[in-house]
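**Student:** below is the sequence, then the predicted model.
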Number of protein chains: 2
Amino acid sequence: MYSGMGKSISLVVLMFCMIMQADATLPNFIIMLMDDMGYGDLGVFGEPNKETPNLDRMAREGALLTDFYTANPLCSPSRAALLSGRLPIRNGFYTDNAHARNAYTPQDIVGGIQDDEILIPELLQKAGYNSKIVGKWHLGHQPQFLPLKHGFDEWFGAPNCHFGPYNNNKTTPNIPVYRNDKMVGRYYEGAYNIDRATGESNLTLFYEALEFISKPRPKDQPFFLYWAPDSTHAPVYSSKKFLGSSRRGIYGDAVRDLDAGVGAILNQLTALGIANNTLVFFTSDNGAAIVSKTHGGSNGPFLCGKETTFEGGLHEPGIAWWPGTIPAGTISHQSATVMDYMATLADFAGLPLPSDRQLDSMSLRQALTNGSEVKRPVYYYRGNELMAVRYGLYKAHLWTWTNGMDEFNHGINFCPGEEVEGVTTHNQTDHSSQPIIFHLGRDPGEKYPLGVRSAEYKAVWADIQVIVDAHKKGLKPAKPQLNYCDNAVMNWAPPGCKELNACLPVPKSTLKKCVWPH
Amino acid sequence: MYSGMGKSISLVVLMFCMIMQADATLPNFIIMLMDDMGYGDLGVFGEPNKETPNLDRMAREGALLTDFYTANPLCSPSRAALLSGRLPIRNGFYTDNAHARNAYTPQDIVGGIQDDEILIPELLQKAGYNSKIVGKWHLGHQPQFLPLKHGFDEWFGAPNCHFGPYNNNKTTPNIPVYRNDKMVGRYYEGAYNIDRATGESNLTLFYEALEFISKPRPKDQPFFLYWAPDSTHAPVYSSKKFLGSSRRGIYGDAVRDLDAGVGAILNQLTALGIANNTLVFFTSDNGAAIVSKTHGGSNGPFLCGKETTFEGGLHEPGIAWWPGTIPAGTISHQSATVMDYMATLADFAGLPLPSDRQLDSMSLRQALTNGSEVKRPVYYYRGNELMAVRYGLYKAHLWTWTNGMDEFNHGINFCPGEEVEGVTTHNQTDHSSQPIIFHLGRDPGEKYPLGVRSAEYKAVWADIQVIVDAHKKGLKPAKPQLNYCDNAVMNWAPPGCKELNACLPVPKSTLKKCVWPH
């Protein structure tokens, strides 16, 4: 009944929008998604060396989203959530092999994005958009999971992280690089080399982005570009032009390289006269990997980093740019996430959202264009557990965990130099009956919990408790996609390997539960 | 000989400049010095709530000084250094009662700024400047130390921190508020109240600043305004207009209040048509007092805060603004300090610097107007000890100390939530034969010391060792001014008290060495 009503309302909305846009061109969309870049890596968000002039300009000319989040402190679930508009627990990008574990899509992962998920490019197809992904996919690398099976028309990039090089492709194949639905080579081989000693690589993917933006299209066909470069993910790399140029070292070189790419893309839009018809979002897939110390990025004033559900794990640099539509210098405090991209794009494209499923997506149109702000919760998941909830300026930690003492004692530290007693715990600690609550306005670094006996605490927890209960009650977890691993599914013989004479022998299947240590 | 040469060269320079400026108006100068505000408190430097539109605009229209420092992690020595262009060890604003102690000018301090120190307003007097200090003085409160005895023509403000209210002026008098050389009242009394419960106060000193800027002056007489509001120092206060307006709470209200003051002052300059002839600097006296938790400010990505010689203690938000002279959007990486204001102002005013003393001041004219950068050391003192030296992007800690375990165990924590092993030590630790060295470009948070066996370490330490040796060899410490305390010197009967019928009985002298616990 409800679903039927939703559909008919959607149809009305769709027809209305089609009329509205009868003689208007649909806007182009660009999502720039960085890899492991932190809030504190951009000049405009406080990086002390101020080396991102293009991003800073983008923010100045557009909107700064101060309270912008990813959906997960790890890459694959974050990216699946961004493209599907749904929390990983709903789209299957999690594991329940163990409690509250971070899982992603390494080379031996069996799962991937399911056919019944509707991704942004699939949605936009209905309005005739031409879509391309440039960069990292990470939603599963078996053929049925790849981008062209899920709404993208074009792809240049890789399905997994660019780890490697491996031992001459013996026990592990190097990661393939794809052009559309076929591999064209592998990382660390030929044109796709990354010099591990110097950090130099020619994989400056913004050229691919520029080409796509500029290519001839049928009159008024809009485009969607998903630019997902992976150069700030370890092992960090940079094009030669920026190597050694940053005060921050190789990581800063990579940031400067990407910043130049941002500038080139925005300038291209202006040069083509389509800036006024293109909405550009910039963010990152998760917090900076401060576990990598000076080879990782920065989360500025936020606690801990990637892998954790503290602010450093999920609070992202958010920028939106659309000259003429988003007023220059907009500061939006709207609590928002990468999952909101879907509803926002649908809104601007005049498309109805799928009504047959629970989305975690809200259009940011009003927030971006007229400064409105809606109070709504933000959910911080780690694997199968809801670790924390933000509502307004308050954040309640239902569970805390950095990583286990075993790992920690081996030097794996997700909060280097930081330790907040009772908060950055090395045991999975259940606070769900009496959460640790922070006020993120006056305490963005999550250092000073509210006193549990204070009136403020009681009022906040009463509100959040209702939200948590309702969320849990309404939740139908999808079948977890990140439970099983198998060496046989690695990128031994991806599509196109024959033409390249690059197929590797596929070993026997060794299906097993993946091990997710933290 | 050298000194004589200096004088004659200075004379030539002076004459040259006087000729150059025969028909030019000398520029006005404004130094905006905040109290305990941290690097991370400004939107442009990364504060997550982005509530300082005027400061952010000031930076956008002027220059951002990314590597700007104060001279001391505590208020009085920092302010004395700013006005004298000399390190506290040279101008006497330190103690040697104990090793490496932070000292300032509480009500019972006996010492103050010495007559033979030449302060900025004294220097500018030679070129006919009209000078005013609005706000906190802090260079000693006995009559001979007050602003009008040291070059300022006008003063509205207080000689000490606005601690209080005390017990009905019985054991400690409330701090007086001065108009020029006479008290006009006391903090917490009458018009100068600060409501400790709400944080409300009408001491919105920027009106005093506006009035001074706008007042009629003889044709072409330039002015120097030193605006030193104290509202972000605990107990934090804000004008009613901003109370409750910030997402950060009362501290943020105070920041917003000051930000509005900055905007009002800049707008006034523009409205009066003198913006193009006025150089405005903005900074803070020391790092945020994160010891005060959510009632203090933020040092963004820097380690620890006020009282320490980590970056959080001395690395300040630096902005310079002068439309038409400083190119908009300038980013300067010049290592610079508050002591450089003196040489910069002298340079722009065509005045020679005193040649009979060691100054720690370099003109920033080139850095601000044409992007030049000079490599030079920055010294981090705590009391009588040189704790650290920065040179280029490297910082060597010769000594480390936060505070003693006794204090720490009583909850006084200068690095809350932060602990870097072997770095944030609770013992005074001597590293002078093998310093802890950080690369502040890739590690602004001072978490990852260079390996002492690395070639990088050896090269850097060789350079810095020479600098340290030369500095120590050339150093002639002044007589320390912050050694003695006496209840009898408190503000019992300041000048002007009789007219107000506000003189309090002066107790008997109890001269003793001041106790400086950290």
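**Tutor:** Everything's here; your move.
**Student:** find the nearest non-adjacent residue to the closest residue to chain B within the stretch 151-300 of chain A, please.
**Tutor:** For the stretch 151-300 of chain A, the residue closest to chain B is A:Arg247, as judged by CB to the nearest CB, at 3.6 Å. (C-beta placed from N, C-alpha, C; glycine too.) Excluding the flanking residues, the one nearest A:Arg247 by CB to CB, 6 or more residues apart in numbering or on different chains is B:Gly441, at 3.6 Å.
**Student:** any idea how far that neighbour is from A:Ala260?
**Tutor:** 19 Å (CB to CB, to the nearest Å).
**Student:** same thing with A:Pro106?
**Tutor:** Where A:Ala260 is concerned, A:Pro106 sits at a distance of 31 Å (CB to CB).
**Student:** do A:Leu351 as well
**Tutor:** Separation of A:Leu351 from A:Ala260 (CB to CB) stands at 33 Å.
**Student:** okay, those two: which has more neighbours?
**Tutor:** Shown here are A:Leu351 and A:Ala260; by other CB atoms under 10 Å in any protein chain shown, A:Leu351 has more neighbours (23 against 19).
**Student:** wait, that one touches A:Lys126, no?
**Tutor:** Yes - A:Leu351 is within contact range of A:Lys126, at 6.0 Å (criterion: CB atoms under 8 Å).
**Student:** for the residue of chain A found nearest chain B, give me its contacts.
**Tutor:** Distances between chain A and chain B by CB to the nearest CB are smallest at A:Gly46, namely 1.6 Å. By CB atoms under 8 Å, 6 or more residues apart in numbering or on different chains, the contact set of A:Gly46 is A:Tyr39, A:Gly40, A:Gly300, A:Pro301, B:Gly40, B:Phe45, B:Gly46, B:Glu47, B:Gly300, B:Pro301.
**Student:** same thing with A:Ile213?
**Tutor:** Shown in contact with A:Ile213 (CB under 8 Å, 6+ apart): A:Asn28, A:Ile30, A:Phe223, A:Leu225, A:Ile265, A:Gln268, A:Leu269, A:Leu272.
**Student:** give me the ChimeraX select line for those, limited to the buried ones.
**Tutor:** Entered in ChimeraX, the line below selects the buried ones among the contacts of A:Ile213, by 16 or more other CB atoms under 10 Å in any protein chain shown:
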select /A:28,30,223,225,265,268,269
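**Student:** which members of the contacts of A:Ile213 are positioned in helices?
**Tutor:** Residues of these located in helices (DSSP state H): A:Ile265, A:Gln268, A:Leu269.
**Student:** let me know the closest of the residues you listed to A:Leu504.
**Tutor:** Lowest distance from A:Leu504 to these (CB to CB) belongs to A:Ile265, with 35.6 Å.
**Student:** chain neighbours aside, what residue packs nearest to the closest one?
**Tutor:** A:Ala209 (5.6 Å).
**Student:** surely the one you found touches A:Val262?
**Tutor:** No - with contact defined as CB under 8 Å, A:Ala209 does not count as touching A:Val262 (9.8 Å).
**Student:** quick check, A:Gly111 in contact with A:Ala478.
**Tutor:** No - A:Gly111 lies out of contact with A:Ala478 (CB under 8 Å); the separation is 10.5 Å.
**Student:** now do the shared contacts for these two.
**Tutor:** Common neighbours of A:Gly111 and A:Ala478 (CB under 8 Å, 6+ apart) are A:Gly92.
**Student:** more neighbours, the two?
**Tutor:** Per other CB under 10 Å, whichever of A:Gly111 and A:Ala478 has more neighbours is A:Gly111, with 24 against 17.
**Student:** relative to A:Asn483, how far out is that one?
**Tutor:** In terms of CB to CB, A:Gly111 sits 7 Å off from A:Asn483.
**Student:** test my guess that A:Ala328 contacts A:Gly62.
**Tutor:** Yes - using CB under 8 Å, A:Ala328 is in contact with A:Gly62, at 6.8 Å.
**Student:** between these two, point out the one with more neighbours.
**Tutor:** Neighbours were counted for A:Ala328 and for A:Gly62 using other CB under 10 Å; A:Gly62 has more, 25 against 12.
**Student:** hang on, that one packs against A:Trp322?
**Tutor:** Yes - between A:Gly62 and A:Trp322 there is a contact under CB under 8 Å: 6.5 Å.
**Student:** what do the two both touch?
**Tutor:** Shared contacts of A:Gly62 and A:Trp322, defined by CB under 8 Å, 6+ apart, are found at A:Val280.
**Student:** contacting residues for the residue most central in space within chain A?
**Tutor:** The residue lying closest to the centre of chain A (CA atoms, centre = their mean) is A:Asp285, at 2.9 Å. Neighbour list for A:Asp285: A:Leu33, A:Met34, A:Asp35, A:Asp36, A:Thr70, A:Cys75, A:Ser78, A:Arg79, A:Leu82, A:Ala228, A:Val338 [criterion: CB under 8 Å, 6+ apart].
**Student:** let's see 10 Å
**Tutor:** The contact partners of A:Asp285, taken as CB atoms under 10 Å, 6 or more residues apart in numbering or on different chains, are A:33-37, A:70-79, A:81-82, A:136, A:138, A:228, A:230, A:233, A:306, A:316, A:338.
**Student:** nearest spatial neighbour of it, skipping sequence neighbours?
**Tutor:** What sits nearest to A:Asp285 in space, not counting adjacent residues and going by CB to CB, 6+ apart, is A:Ser78, at 4.4 Å.
**Student:** for chain A, what spans make up the helices?
**Tutor:** Using DSSP H, helices in chain A cover A:2-20, A:53-61, A:75-84, A:88-91, A:120-125, A:206-214, A:250-271, A:311-314, A:340-349, A:365-370, A:405-409, A:455-474, A:497-500.
**Student:** looking at those, which is closest to B:Val466?
**Tutor:** helix A:250-271 (28.1 Å).
**Student:** buried sites along the closest one?
**Tutor:** Those would be A:250-266, A:268-269, for helix A:250-271 by 16+ other CB under 10 Å.
**Student:** who are the packing partners of that helix?
**Tutor:** strand A:28-34, helix A:53-61, helix A:206-214, strand A:223-228, strand A:278-284, strand A:315-321 (3 or more CB pairs under 10 Å, 6 or more residues apart in numbering or on different chains; DSSP states H and E).
**Student:** cutoff 6 Å now
**Tutor:** Judged by 3 or more CB pairs under 6 Å, 6 or more residues apart in numbering or on different chains; DSSP states H and E, helix A:250-271 is in contact with helix A:53-61, helix A:206-214.
**Student:** wait, doesn't A:Pro147 sit right on A:Ile133?
**Tutor:** Yes - shown here, A:Pro147 and A:Ile133 form a contact pair, counting by CB atoms under 6 Å, at 5.0 Å.
**Student:** what sits in contact with each of those two?
**Tutor:** Jointly contacting A:Pro147 and A:Ile133 under the rule CB atoms under 6 Å, 6 or more residues apart in numbering or on different chains are A:Trp155.
**Student:** between the two, which one's more packed in?
**Tutor:** More crowded of A:Pro147 and A:Ile133, by other CB under 10 Å: A:Ile133, with 30 against 26.
**Student:** name the residues that touch stretch A:330-342?
**Tutor:** A:31, A:63-71, A:81-82, A:85, A:120, A:360-362, A:364, A:367, A:373, A:376, A:378, B:50.
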